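Enquirer: Fold the stuff below for me.
(2 chains, ligands or ions: 2)
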Amino acid sequence: MSSSEITLSCRQLWKVYGDEALKRFDTRALPEAAERVDEVATSVSAAGGIVACGDINLDIKRGEFFVLMGLSGSGKSTLMRCMSRLTEPTAGQLTLDGKDFLSASTRQLRDIRRTKMGMVFQHFGLFPHMSVLDNVAFPLRVQNIPEKDRLDKAREMIQLVGLEGREDAFPDQLSGGQKQRVGIARSLAVDPELWFLDEPFSALDPLIRWQMQSELLRLQTRFKKTIVFVTHDFMEAVRLADRIAIMKDGRVVQIGTPEEIVLAPADAYVAEFVKEAPRTRIIKVKQLMEAVSPKDTSAAGLTGEGVTTDMTLEEALSWSAGRGQSLPVHDSEGRTVGVITPERLASVLNSQQLGQ
Amino acid sequence: MNTGNPLNNPSLAVWLVLVGVAALIPFVASQWPWLISYPISWVVPLADWINALMENLTLAIKPVTRIISAALEWPMLALRDTLQWLPWPVTVLAVVLLALHAAGPRLAILCCVALLFIAVSGYWRQAMNTMALVGIAVPLSLLIGLIVGIAAQRTRLGARIVPPLLDLMQTMPTFAYLVPLLVIFGFGPVVGLIASAIYACPPMVRNVHLGLTRVPGEMIEASRISGSSSYQQLFWVELPAAMAQIRVGINQTIMAALSMVIIASVIGGFDDIGWEVLNTMRKARFGESLLAGSVIVLIAVVMDRISSAYATSATTRWQPLTRRRNQWVALGLLVALTLLFKMTPFDTAIVTPDWTRTVTQFLDTRLENAVISMGDQLTAIKNNIFFYYLLPVRIGFTQAILPFTWGFEFTGNMQLVYKVTVLALAVVLLLRQRWRLAVAALMVSYLLFYGLTASSWVVVGGAITVLAWQLGGARVGLFALCSLLFILVTGMWERAMLSLYLCGAATIIAFSIGSVLGVWASASDRVSSVIRPVSDTFQTIPLFVFLIPVLMFFQVGEFTALLAIVAYAFVPAVRYTESGLRQVSPQLVEVAVEQGCTPWQLFWQVRLPLAMPSILVGLNQTIMYAFAMLVIAALVGTTGLGQQIFLALSAADTGLGVIAGLSMALLAMIADRILQSYANKRFKRATVTE
Ligand SMILES: Nc1ncnc2c1ncn2[C@@H]1O[C@H](COP(=O)(O)OP(=O)(O)OP(=O)(O)O)[C@@H](O)[C@H]1O
Ligand SMILES: [Mg+2]
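Expert: Ligands and ions are numbered 1, 2, ... in the order given. Have a look, this model is predicted:
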């Protein structure tokens, strides 16, 4: 991928908590400790500290929906806060739009945040002493945008999240779902390029959560932001993500698309997450087919109707139901690019060790 | 615990060594008298050094202090003149409207009655002068408190120096503030103003700090990610979010400022209500001082109710007055009324109906008669408590038991019997493995035998240090040792013991009364509903006022001071005992009842132990209150540190004032540290065994 596609990239990023531990370690040497993350983590915790992020390397592409996943305490929030410099990383590099983000001055940082970043919080982080309208207008107010302009923009945002009519309410008068809509509206008010969401829906009940996810997808298709989204709900990750990074004890154990992760979990920890996931709804035909060059298709007798590469297995299954024979697979232009056999389809449904 | 051999128990061994020293001292006292009382020639003239330093300092900063003086004096006088110029009905109406807005008609009626009373009492002018001082001191104090509170929360330096400073300020006796300020600024009401502003800021600092610390992290992150500057974050997000807590601080600061303004009136020169009380009290015109005292109480109650109504959530506001338009109407009404009064001959700045004077005179004579007619009983009460309680604690049985006081002499044989009995008791207790009780019995009987002030400083100091060490741990022990050494070498030991004795005697009574009332109130809602408003009011009354009634009945003297201290200090004991007992979880009580506890067992074995942490806090507060009142009580004739501070005040002797004040603060802090760390240990143990 070319570098201009990358919005934010982390290289050998570390975050260590604990004053005592930090005193004992030479933090400048941390980036070289990539091979010895476990060793460092053990000695840090022996000193009463904790490695919240250890040697993180990842690139987030422009317009991508990037999800950070992991159990509680695995360092997702910390990593996300390091990316926005709400928390200063202990060591490593952070590049934003090709520029070194960690060396940005306080003033530059403030300007970047004012124009490029928005964040949504798990417990909403609303200001209790401001009305909904003022909450949403806050990011514009800190930029000293004239009152009328900022209130107009805030009203527009409130409408976007479907809260019109509640502008003058105060946060403690709203339901959880409504509060989070305010949080979303506020984070979108400056039209950020980079949108951070830290478990935005985990304080909501399942039905509302589903609804909010749908709205998030709707907003995303409309605005095409670069999104960093934290969750510990794998289904949520699968539903929303272009790519998922799975974290464990401050380390990234796997990065990939939902299908890649479901098909090839890197270790037992990841497999545990994947276990419950309805794989037929995640895995696409593309991953399962046997590739066939277009020349050979007629020879193999693969003509006529078939499935397409980006169908999920579930769709393919319903298509193949009752045919009991191999199906041709077409790409988006209608060329036949592969074949999928009923045996392989069935094996997905039974097997636990996919892709091995 | 191994108590068979005392040497195996270091705690006991230390006590036994101390007892041994105490027993030996009388035999060597004639040879080495310094063992009993610390020789004057050994005193480090710290006071003189401080005075010399202050003299130079005062000269050096004279221009600055002049400017500060002028800068404060001008608004103070302006406010005073404005308040005097305003026709009183306008002022009354303004306060009533404020009360109405804060909490609705009920409070408004209360305030109306209170202010009308002040108006007809004939003390309107003095009350307004006091308000002028408060009106400048409070904003000043709030501003200082806000800045210091923010600094304490934001900066590393602030976080390090502010908490211990607050501790010291809260235990430092009120008058001790006045002395150095008097030297720096010279006599005048500005000193009272500055002292009040400084004295009243700790609650604001604490609450600002607490409020800012409690602002949820996400809220701060939301503001940071929006790109707010630190100024915007502080003023637009953090302070407004902390406002609920800060309002509590504002309420406490207002009350503290009022209390100090009243106390600072001893400086004189502003014709305020505190001065009026003091003056009439000195002239023994108790009818008037009672009236002036009631005015103070009413001012305190009105200020407290209004500001605490504002401190609670906005839901208590009276709706009609929350509308902007109505607020303008109210303001217009006040202006119109002022103009009306000023342009018509109604402008009788303040009516002092003659009947007020009649009432006070009537009160005066009636009171005098009452006191005279009850004279015998009152003297009997006073003498009994003095002879049988205060004197032994102060100078010991050896000197207190005289034919004149107890009706017989404490002969050598009797002393022998006393000693033998005590020893026997201690041995019995030791054999029963109750060594703590044995040590306590020995120490208490030693103190009662010689008296706190006539005992050897080696023994008393040693006992306090060991007690601090054993109850509070090594650090508290070391703190106690250093503090006592400071008191000793600065020559304050005897005074400190006099203070300690009075304070201790008062604490025992106040805590006994208070905890019993607290237990009673926790058992009965009816009792509680009577006691609570009374103790609430007691807490808002400036210390000063407590002196009036006791002085009226018992004239100047230590007993009077004792009563004043008890009257002020028993309130926290009531409160904390009640709340501690009421907070015991009902499930635990249920379990205990199911297991067949009798109510008696339930109280002693379940509820009381569980309420103990809270009760200990109550005891701690009682002691702190007693120390605070002690200095004020010096006005009505006590000896000790309080008196020293007064002497310093009248002579503008900074060194003496600072050292006496510091000694008192140190004594209070020793008690506070011991109780706090003991309570912490105990509390932890309770949660571990749960
Ligand atoms: N300010 C802090 N000081 C010390 N330790 C911290 C701090 N913030 C986080 N930690 C520690 O860092 C680790 C990672 O925390 P983090 O909040 O990033 O986890 P998380 O994956 O977001 O968990 P959750 O799903 O519960 O939000 C945890 O062990 C946490 O205790
Ligand atoms: Mg988190």
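Enquirer: from here on, contacts and neighbour counts on C-alpha atoms
Expert: Will do.
Enquirer: quick one, what contacts A:Met83?
Expert: Taking Cα atoms under 8 Å, 6 or more residues apart in numbering or on different chains, we find A:Met83 in contact with A:Leu8, A:Cys10, A:Leu94.
Enquirer: could the residues you listed go into a markdown table alongside secondary structure?
Expert: Listed next are those as a markdown table, based on DSSP: H, G, I helix; E, B strand; the rest coil:
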| residue | secondary structure |
| --- | --- |
| A:Leu8 | strand |
| A:Cys10 | strand |
| A:Leu94 | strand |
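Enquirer: What about the residues you listed, which one has the most neighbours?
Expert: Ranked by the number of neighbours (other Cα atoms under 10 Å in any protein chain shown), these place A:Leu94 first, at 26 neighbours.
Enquirer: just checking, that one touches A:Cys10?
Expert: Yes. Shown here, A:Leu94 and A:Cys10 form a contact pair, counting by Cα atoms under 8 Å, at 4.8 Å.
Enquirer: ok, and the closest non-adjacent residue to B:Trp124?
Expert: B:Ile118 (5.9 Å; Cα to Cα, 6 or more residues apart in numbering or on different chains).
Enquirer: got the contact list for that neighbour?
Expert: Contacts of B:Ile118 (Cα under 8 Å, 6+ apart): B:Trp124, B:Ala127, B:Val295, B:Leu298.
Enquirer: On the secondary structure side, give me the element for it.
Expert: Counting by DSSP states H and E, the element that carries B:Ile118 is helix B:105-121.
Enquirer: State the pLDDT value of B:Gly637.
Expert: We have a pLDDT of 68 for B:Gly637.
Enquirer: ok, so what distance separates B:Arg224 from chain A?
Expert: The gap separating B:Arg224 from chain A is 7 Å, by Cα to the nearest Cα, to the nearest Å.
Enquirer: count of residues packed around that residue?
Expert: With other Cα under 10 Å as criterion, B:Arg224 counts 21.
Enquirer: That one: helix or strand, and which one exactly?
Expert: helix B:217-225.
Enquirer: What helices and strands are in contact with that helix?
Expert: Applying 3 or more Cα pairs under 8 Å, 6 or more residues apart in numbering or on different chains; DSSP states H and E, we find helix B:217-225 packed against strand A:117-120.
Enquirer: How about the strand it packs on and ligand 1, touching?
Expert: No. Using Cα under 6 Å from any ligand atom, strand A:117-120 stays clear of ligand 1, with a minimum separation of 13.4 Å.
Enquirer: Check what contacts the following helix or strand past that strand and list those residues.
Expert: Once the chain leaves strand A:117-120, the next helix or strand it forms, by DSSP H and E, is helix A:132-141. Contact with helix A:132-141 is made by A:114, A:126-127, A:147, A:150-151, A:153-155, A:157-158, A:166-171, A:182-183, A:185-187, A:189-190, B:223, B:226-228, as judged by Cα under 8 Å, 6+ apart.
Enquirer: from the residues you listed, which ones fall inside helices?
Expert: A:114, A:147, A:150-151, A:153-155, A:157-158, A:182-183, A:185-187, B:223 (DSSP state H).
Enquirer: Those, buried ones only, as a PyMOL selection?
Expert: Selection of buried members from the ones in helices among the contacts of helix A:132-141 for PyMOL, criterion 16 or more other Cα atoms under 10 Å in any protein chain shown:
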select buried, (chain A and resi 114+150+151+153+154+155+157+158+182+183+185+186+187) or (chain B and resi 223)
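Enquirer: ok, and which of the contacts of helix A:132-141 reach ligand 1?
Expert: Okay, of the contacts of helix A:132-141, nothing touches ligand 1 (Cα under 6 Å from any ligand atom).
Enquirer: Any buried residues in the helix holding B:Ile118, and which?
Expert: B:Leu107, B:Ala108, B:Leu110, B:Cys111, B:Cys112, B:Ala114, B:Leu115, B:Phe117, B:Ile118, B:Ala119, B:Val120, B:Ser121.
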